[in-house]
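Asks: sequence and predicted model, in that order:
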Amino acid sequence: MSKNLLSSILFFIPFLRKGTFCNGLLLLFTLFYVPQFATAASAIKINNNIYMAQGSSNISSNTFMVITNQGAVIIDTSSPAAAPQHYEMLKAVSSAPIRYIIITHGHGDHTGGIDLWKESGTQVIAQNNLIEFLDYQTRLKGFFAVRNAKQAGQPIPVISNPNPGNFAGQNPADILFDKKYQFTLGELTFQLFSTPGETPDHLSVWIPELQAAFVGDNFYNSFPNIYSLRGTKPRWALDYVQSLNKVLSWKPRLMLPSHGMPVSGNATITQKLTQYQNAILYVHDAVVAGMNAGTDVFTLMNSIQLPPDLYVGEAYGRVSWSIRGIYEGYAGWFDANPSSMYSDPPQVALSELVSLASGVDNVIQRAQEILLSSEDAVLALHLADAVLAADGNNIGGWTVRRDALVKLKSLSTNGIEKNWLQSGIDEANAKLNSP
């Protein structure tokens, strides 16, 4: 049994009544004894008010339905691909009219089902910064179409109008707020707070009657993506810390992230959120100290490590990526090296160095030796880059590049890293198999 399965079962045990414990356990095993990364085939009952349609890994978010005696509220709507199934799952639970849709932030795996859920009279609520965030994403539509597909391990789509303009985002919200917004529906109060972190428009939802906190993407069972490899504006580490402090101040007994399973019990939630924010703060402060000491970003990426008591896993975000994201978020692209001021890329020198090594064959041979004799596939990858800088069609260079990427993928435990490596493998194979 996986740790995720066990934690999911333990989450539900407090909600089972004594007389139904055995039958309840049987139900839990039926719901959750599925292959790793599989999702439940029907909506999951969290309590009498909250149901969840589970998202698929990091590609699509969970969708939550909160049912009151005067209608339902949807929190996040998942991706366009997952939304129809989530809609069917949750509508099978309740046909109550959808009074509100709350979007925790503007990523497409949270907004993809808004049109599907919106009925006559439904109001969509988001934080003020959603408008600029959607403009930003749409402004770079062609760029992000490729980057998002590679990061998700999906085929690259054909995009019409990849350059739609600076302010072409489509705002889906009927209600926008700055710091806080509150409404009551039936017996429940919904308090929405601005909690920037994963995005500047991020919000969290607190339902005091249920002692339930919906935290969107500000909490994962992994170190966060303070920098996302697909490209992103700076995600400020201190925003994460302050936003998590706000959630902790509510003393929730139920925490519902938009990816992964809910967490129950205030003691457990407090431990997890405190560890999470302390891990972020540790990395942030170590980067800042290094910057102030004049240490370069690559040295910091290789030297800063979380202590064991703050290690929260790196299946989603990587500490090293976040180190560079924090550093360059504060300082920008210039690394204080005068050669970086000029438009010629570093690759222009690589072809000269390959020539000094008596040509590409010697460099390829050395890269192959490294791959065979050690785990330093990254060095072999850099050497392949040097060969291809000198000769972009060199078969040996593309072969070494592919083999280095394959080795790195076999060693990786991070889903995003694996997808980017596979993208590189596919590119190399396409080159090697072309006429």
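Replies: Yep, that arrived. Residues are numbered from 1 along each chain as shown.

Asks: now do stretch 325-334, average pLDDT.
Replies: Over the span of stretch 325-334, the pLDDT mean works out to 97.

Asks: next one: the longest helix anywhere in the chain to chain centre, how far?
Replies: Residue-count comparison of every helix in the chain, with assignments taken from DSSP state H, identifies helix 266-292 as the longest. Relative to the chain's own centre, helix 266-292 is displaced by 18 Å; criterion: CA atoms, centre = their mean, to the nearest Å.

Asks: that one: what's the following helix or strand?
Replies: From helix 266-292 onward toward the C-terminus, using DSSP states H and E, the following helix or strand is helix 297-303.

Asks: buried ones in that following helix?
Replies: Of the residues in helix 297-303, those buried by neighbour count under the rule 16 or more other CB atoms under 10 Å are 297, 300, 301. Where C-beta positions appear, they are placed from N, C-alpha and C, glycine not excepted.

Asks: next: stretch 322-336.
Replies: Using 16+ other CB under 10 Å as the test for burial, stretch 322-336 gives 322, 323, 324, 325, 326, 327, 329.

Asks: in which helix or strand would I find the first one?
Replies: Using DSSP H and E, residue 322 sits within helix 319-331.

Asks: so which elements touch the following helix or strand past that helix?
Replies: Once helix 319-331 ends, the next helix or strand along the chain (criterion: DSSP H and E) is helix 347-356. The elements that helix 347-356 packs onto, with contact taken as 3 or more CB pairs under 8 Å, 6 or more residues apart in numbering; DSSP states H and E, are helix 377-390.

Asks: so for the helix it packs on, what gets flagged as buried?
Replies: 377, 380, 381, 383, 384, 385, 386, 387, 388, 389, 390.

Asks: dump the residue contacts of the fifth one.
Replies: When contacts are counted by CB atoms under 8 Å, 6 or more residues apart in numbering, residue 384 is found next to 364, 367, 397, 398, 400, 401, 404.

Asks: which single one of those is nearest to residue 274?
Replies: Sorting the contacts of residue 384 by how near they are to residue 274, with CB to CB, puts residue 404 at the top with 39.5 Å.

Asks: need the CA coordinates for the helix or strand harbouring that closest one. CSV is fine.
Replies: Residue 404 is part of helix 395-411 when elements are defined by DSSP H and E. What follows is helix 395-411 as a C-alpha-only set of coordinates in CSV (Å, rounded to 0.1, in the frame of the first residue of the first chain):
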residue,chain,number,x,y,z
ILE,A,395,24.6,12.8,-35.5
GLY,A,396,27.1,11.9,-32.7
GLY,A,397,26.2,15.1,-30.9
TRP,A,398,22.5,14.4,-31.0
THR,A,399,23.1,10.8,-30.0
VAL,A,400,25.1,11.8,-26.9
ARG,A,401,22.5,14.4,-26.1
ARG,A,402,19.7,11.8,-26.3
ASP,A,403,21.6,9.3,-24.2
ALA,A,404,22.4,11.9,-21.5
LEU,A,405,18.8,12.9,-21.3
VAL,A,406,17.7,9.3,-21.1
LYS,A,407,20.1,8.7,-18.2
LEU,A,408,18.9,11.9,-16.4
LYS,A,409,15.3,10.9,-16.8
SER,A,410,16.0,7.4,-15.3
LEU,A,411,17.4,9.1,-12.2
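
Asks: pretty sure residue 335 sits against residue 294.
Replies: No. Using CB atoms under 8 Å, residue 335 is not in contact with residue 294; the gap is 11.8 Å.

Asks: still on that earlier bit, pick the one among the contacts of residue 384 closest to residue 214.
Replies: Comparing those against residue 214 with CB to CB places residue 404 closest, at 42.1 Å.

Asks: quick check, pLDDT for that closest one.
Replies: Looking at residue 404, its pLDDT is 97.

Asks: just list whatever residues bridge to residue 50.
Replies: Using DSSP bridges, the beta-bridge partners of residue 50 come out as residue 66.

Asks: that one: neighbour count?
Replies: Residue 50 is flanked by 21 other residues according to other CB atoms under 10 Å.

Asks: how about the contacts made by residue 353?
Replies: Counting by CB under 8 Å, 6+ apart, the residues that residue 353 touches are residue 386.

Asks: any idea how far residue 158 is from it?
Replies: 39 Å (CB to CB, to the nearest Å).

Asks: show me how the chain divides into domains.
Replies: Domain segmentation of the chain under automatic domain parsing yields 1-38, 39-264, 343-433.

Asks: which one of the ones you listed is the most hemmed in?
Replies: Comparing the domains of the chain by mean neighbour count (mean count of other CB atoms under 10 Å), domain 39-264 ranks first with a mean of 19.

Asks: per-residue confidence for the residue nearest to residue 262 when sequence neighbours are not counted?
Replies: Once its chain neighbours are removed from consideration, residue 262 has its nearest residue in residue 256; the separation is 4.7 Å (CB to CB, 6 or more residues apart in numbering). Among the per-residue scores, residue 256 holds a pLDDT of 98.

Asks: the helix or strand residue 256 falls within pairs with which strands?
Replies: Secondary structure here is read from DSSP H and E; on that basis residue 256 sits in strand 254-257. Next to strand 254-257 in the sheet, as set by DSSP bridges, lie strand 212-216 (parallel), strand 263-264 (antiparallel).

Asks: no further queries at this time; thank you.
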